[in-house]
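# heads up, no residue letters with this:
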């Protein structure tokens, strides 16, 4: 019986803020990427076309990010067509506790999770951890997240993820430089991975009075020990992709 007050207090902490939860932002997009430099098994490069759906929301309680990739391989005669996706929610500890956690460059601290699925396998990985939102000049967002990764097909490991978005202008043109860096630790059955994946995009919609709607540019993927595989199995990926992205 002595546990009931604790459970009631925890429920009250969640239910009371939820009653006044506010949605601050929502955006969906579809991207088309093409490259003939993606690294494949057997130390070969392959050609792929990716179609990516993304949805991001921001709330006073945290946010969500969802993306799903569909790739149609063209580097092999039989092709390679599969889906891969991730769903990543965050829960603001500042919102949950009612305490302003902002200190210097630190804006907030959140509980974070990611569910990874698909990719031509039956793997489903669950990531749990903590995320820090930073006030970095020149960026609209800059986050660092630290995860424990429960992998379904390989040994568990740890992962650090950095994400950022930095708009800038050159003359009358508007650009967006955004992306992420993933680093995951090694384990008994796989090597440590490092994946640097930025995008540089020109805001084409700006020229037609609709900024932030249509972008064109490039994506770069530098992926050392891709999928945790050693250099003897797969070379480091260094791929430039042509990119078109439509927001709605």
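Nice, thanks for sending it over. Note that the coordinates shown come from a computational prediction; the quantities given were computed from them, not determined experimentally.

# how about low-confidence regions in the protein?
Within the chain, the ranges that satisfy pLDDT under 70 run 1-20, 73-81, 120.

# buried residues in the longest strand along it?
Longest strand of the chain, by residue count under DSSP state E: strand 23-40. For strand 23-40, a neighbour-count test (16 or more other CB atoms under 10 Å) marks 29, 31, 33, 35, 38, 39, 40 as buried. Where C-beta positions appear, they are placed from N, C-alpha and C, glycine not excepted.

# of those residues, which is the nearest to residue 237?
Within the buried residues of strand 23-40, proximity to residue 237 (CB to CB) peaks at residue 39, which comes in at 3.6 Å.

# let me know the closest of the buried residues of strand 23-40 to residue 113.
Comparing every one of those with residue 113 (CB to CB), the shortest separation belongs to residue 29, at 22.1 Å.

# give me the contact list for the longest strand of the chain.
45-60, 75, 219, 221, 223, 226, 234-248 (CB atoms under 8 Å, 6 or more residues apart in numbering).

# give me the contact list for stretch 197-210.
Outside stretch 197-210, the residues within contact range by CB under 8 Å, 6+ apart are 173-182, 211-223, 243, 245.

# just the buried residues out of these, in PyMOL syntax.
With 16+ other CB under 10 Å as the burial test, the buried ones among those are selected in PyMOL as follows:
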select buried, resi 174+175+176+177+178+179+181+182+213+214+215+217+219+220+221+223+243+245
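
# distance between the longest strand of the chain and the chain's centre?
What separates the centre of strand 23-40 from the centre of its chain is 10 Å, taken as CA atoms, centre = their mean, to the nearest Å.
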